[in-house]
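>>> just need the structure, nothing else, for what follows:
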Amino acid sequence: MHIGRSFDGGGHLEAACPCPLEPCGLVDMAKVVDECEQHPPARCKTMRTGHRPVDCPGVGRDVVVAIGKTETARQAVLDAAAMETQPGYFNASLLGALDDYRAAVEHEAAERIRARNNEHYEVAGPMFATEAADHIVPEVR
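Numbering: from 1, shown residues only. Predicted coordinates:
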């Protein structure tokens, strides 16, 4: 069984955990690692989504990895913002953290477009969504 903690497929919890991800972005119950804080049954965490391996849609891992990068970048922004205690000032590292966060959000958006394109390519043709994603993040292919 492929399992996940978010309601709509693999999310930032899967992206941040040490368990190997399946192509859908979820974790195979048979491959859960003991160090994981989210997926072992003994941790008593609620699994909110899942499917049998034979029903795996096979898309989503890139989106989950992008979500993980976005969450990491967001935390870096919060950490940098918390460094300065004087009103009216901010730590210069906040500028780089914001740029990294923006890039991570753009990357996540492009991967979500690519994943949707794989699911629903007949809507506007398979190249339309891929080209849109490439305009957002041209170096990601």
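
>>> so which bits of the longest helix along the chain are buried?
Here the longest helix in the chain is taken by residue count, with DSSP state H as the criterion, and it is helix 93-119. With burial defined by 16 or more other CB atoms under 10 Å, the residues of helix 93-119 counted as buried are 94, 97, 100-101, 104-115, 117-118. Every residue, glycine included, has its C-beta placed from N, CA and C.

>>> before we move on, what about stretch 18-30?
Along stretch 18-30, these residues count as buried under the neighbour rule (16+ other CB under 10 Å): 19, 21, 22, 24, 25, 26, 27, 28, 29.

>>> and that stretch, how far from the chain's centre?
13 Å (CA atoms, centre = their mean, to the nearest Å).

>>> other residues contacting it?
Judged by CB atoms under 8 Å, 6 or more residues apart in numbering, the contacts made with stretch 18-30 from elsewhere in the structure are 1-4, 9-10, 14-15, 17, 31-33, 35-36, 38-39, 49-51, 53, 56-61, 63-65.

>>> any idea which residue sits dead centre in this protein?
Taking CA atoms, centre = their mean as the criterion, residue 67 is the residue nearest the geometric centre of the chain, at 2.0 Å.

>>> other SSEs contacting the strand or helix carrying that one?
Element membership of residue 67, judged by DSSP states H and E, is helix 61-81. The elements that helix 61-81 packs onto, with contact taken as 3 or more CB pairs under 8 Å, 6 or more residues apart in numbering; DSSP states H and E, are helix 12-16, helix 93-119.

>>> ok, residue 73 - contacts?
Applying CB under 8 Å, 6+ apart to residue 73 gives the contacts 97, 100, 101, 103, 104, 105.

>>> what's the answer for residue 108, then?
The contact partners of residue 108, taken as CB under 8 Å, 6+ apart, are 63, 66, 67, 69, 70.

>>> go again using 6 Å as the cut-off
For residue 108, the set of contacting residues under the criterion of CB atoms under 6 Å, 6 or more residues apart in numbering consists of 66, 67, 70.

>>> which residue in the residues you listed has the weakest pLDDT?
The member of those with the lowest pLDDT is residue 67, at 76.

>>> gap between it and residue 88?
Residue 67 sits at a distance of 34 Å from residue 88 (criterion: CB to CB, to the nearest Å).
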